[in-house]
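A.B. asks: I'd like to go over a predicted model; first the sequence, then the structure.
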Amino acid sequence: MATENSFTRSNGNPYRRIAVNVMGQDKRINIGAISNRAFTSLLQLVTDLEGLKAVGGQLDQGLLSRLEKLDPNIREKLVKVGLLKQQQAMPSFSDFAERYVSDKLNTQSIRARTARVYRGSYSLFIECVGDLRLDQISAETVSTFKIERLKTKDRSTVGTDLKRIKGVLSHAKKTNLISHDPFFGISIPAQILKQDKADKQEREIDATVLNHLMHECPCLEWKVLISIIRWTGCRLGEALILRWSDIRWDEGEIVMRSPKTEAHGKPNRVMPLWLPLKNDLEELSRNSANEPYHILNNILNLSTKPEFEITTDNGNVIREGRYETNAQTHLRRIMKAVGLEWAQPFHAIRTCRRNELERSGIRSTDINAWLGHDARTAARHYSRSQRQDRIHAAQDPNGGGGSIVAAVGPRSAPERLAKNSKVARNTDKTAMRDNAREYEKELITPGGIRTPNPRFRRPVLYSVELTLEHDLAIPSLIAKNRVSGPPLQVAR
């Protein structure tokens, strides 16, 4: 345990020293003249470091915070006696960010195209606040960058840049290069469309508009590109690399390769070959002079591009792949010619297909598997309450009330207690219908006499789910076959 080893100089001033034992060796740390309060705090810090060194432990966040406030001269003395390691030089943001991206490229966590957009965000940050050392970047620095970017870019773009920068700084914190969180208290803008653009996109996009858009396409390949995304709900990049060999004509399936999810262990997914899409593909196949490797070749200069970009080891592009297209710009021109304007054309078509499948009653498990979504992503970015849903609900004759339940006979106390339980709600509906029929036989006899059924010891409620049409039929059925007994109660 570290102990005080001070003495008094000839002039009467105290000279502070601390005696420590580091790996079996007794050493002294000369501190000099400091206040009693500062010396007590330093003595406790040295004691903690000595104990940590003895057991071979790692510096925790509390110790790192205390060391940050330490005088550099005293820190150097702690390094000299072996209580601390020599502090490595603090890298600049640009150097650390480049190392961060290179590591991700080497481990194939990201593709070269993704690395380029990451570097673009890092360059914008450096251009705004300068190439600071990591320990110089604070919440105020990040806030300055955010405010400046919001002056010229929308919230979605700024939010994306901030997330990429946060990834670098979070990695620096995990590796103990910095102890503070530069994003503490910084809110990242949500990646959503502006409300006016979202409303316009929601109003215009539906099945009729999409069919009209495909009909007005300038060539057959453009029609097929939109048809692929419209019926499969795939991403643009997935449609651009779709091959004829990925179409399983006999099985009625499509094998959709997905480079985006390949890093997460899902290189492809299988989805139905929808009949309208099949017809469009067959038409394109008939009009092709020869059977090419990819389905799309004559638009967007795709015939001159490899499937994926060719890059150097550090991610620099030698030759652009099929992903590097200006398809969205071309599609906006086509849409403008037919009087349409969507903020995110391809994403809007994909979103429309997702909602279309949900309204058709297909299980969400199947839709997620076909479109490559997880439930959380789908709920946040794709599932929409659209205008046609509100119109359909307003025209529902039931008023959204669902099924009608008819209750016959009194109800016992145990059943009143259990009526709202989960078990009761999940009771087999077929059994409920059978019980209701038996109880009806007990109540309604040809002679109109109420005869007890020995199967039941006490009056019990039996329920059966009925549609709206059945509601009007029940009173007439009872009036025709029954002359006595308590009235039938219909619970709505």
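C.D. replies: Sure thing, it's come through. Residues are numbered from 1 along each chain as shown.
A.B. asks: test my guess that residue 59 contacts residue 176.
C.D. replies: Yes - the pair residue 59 / residue 176 is scored as a contact, 7.2 Å apart, by CB atoms under 8 Å. Every residue, glycine included, has its C-beta placed from N, CA and C.
A.B. asks: wait, a strand at residue 21?
C.D. replies: Yes - counting by DSSP: H, G, I helix; E, B strand; the rest coil, one finds residue 21 located in a strand.
A.B. asks: residue 59 and residue 176: which is more packed in?
C.D. replies: When residue 59 and residue 176 are compared for neighbours, residue 59 comes out ahead with 16 against 12, by other CB atoms under 10 Å.
A.B. asks: ramachandran coordinates for that one?
C.D. replies: Backbone torsions for residue 59, taken as degrees, to the nearest 10, come to phi -70, psi 130.
A.B. asks: what separation is there between it and residue 11?
C.D. replies: According to CB to CB, to the nearest Å, residue 59 and residue 11 sit 38 Å apart.
A.B. asks: repeat for residue 154
C.D. replies: Going from residue 154 to residue 11 by CB to CB gives 69 Å.
A.B. asks: and the pLDDT at the residue positioned nearest the centre of the chain?
C.D. replies: Among the residues of the chain, residue 377 comes closest to the average C-alpha position under CA atoms, centre = their mean, at 4.0 Å. Per-residue confidence (pLDDT) for residue 377: 75.
A.B. asks: repeat that for the one 3 residues further on.
C.D. replies: Residue 380 carries a pLDDT score of 68 in this model.
A.B. asks: and residue 354, by the same measure?
C.D. replies: Reading off the model, residue 354 has pLDDT 88.
A.B. asks: got it, and residue 469?
C.D. replies: Listed pLDDT for residue 469 reads 42.
A.B. asks: can you check residue 370 too?
C.D. replies: pLDDT recorded at residue 370 is 91.
A.B. asks: which non-adjacent residue is nearest it?
C.D. replies: residue 271 (3.9 Å; CB to CB, 6 or more residues apart in numbering).
A.B. asks: sheet partners, orientation included, of the helix or strand where that neighbour lies?
C.D. replies: Using DSSP states H and E, residue 271 sits in strand 268-272. When pairing is defined by DSSP bridges, strand 268-272 lines up against strand 253-257 (antiparallel).
A.B. asks: tell me the SS of the residue nearest to the centre of the chain?
C.D. replies: Look at residue 377: counting by three-state DSSP, its state is helix.
A.B. asks: roughly how far does it sit from residue 2?
C.D. replies: 54 Å.
A.B. asks: residue 353 too?
C.D. replies: The gap separating residue 353 from residue 2 is 69 Å, by CB to CB.
A.B. asks: same thing with residue 30?
C.D. replies: When distance is defined by CB to CB, residue 30 is 14 Å away from residue 2.
A.B. asks: so these two - more neighbours on which side?
C.D. replies: Ranked by neighbour count (other CB under 10 Å), residue 30 and residue 2 place residue 2 first, with 21 against 11.
A.B. asks: tell me how far the more buried one lies from residue 45.
C.D. replies: For residue 2, the distance to residue 45 (CB to CB) stands at 9 Å.
A.B. asks: name the helix or strand of the chain that has the lowest mean pLDDT.
C.D. replies: strand 404-408 (a mean of 34; mean pLDDT, DSSP states H and E).
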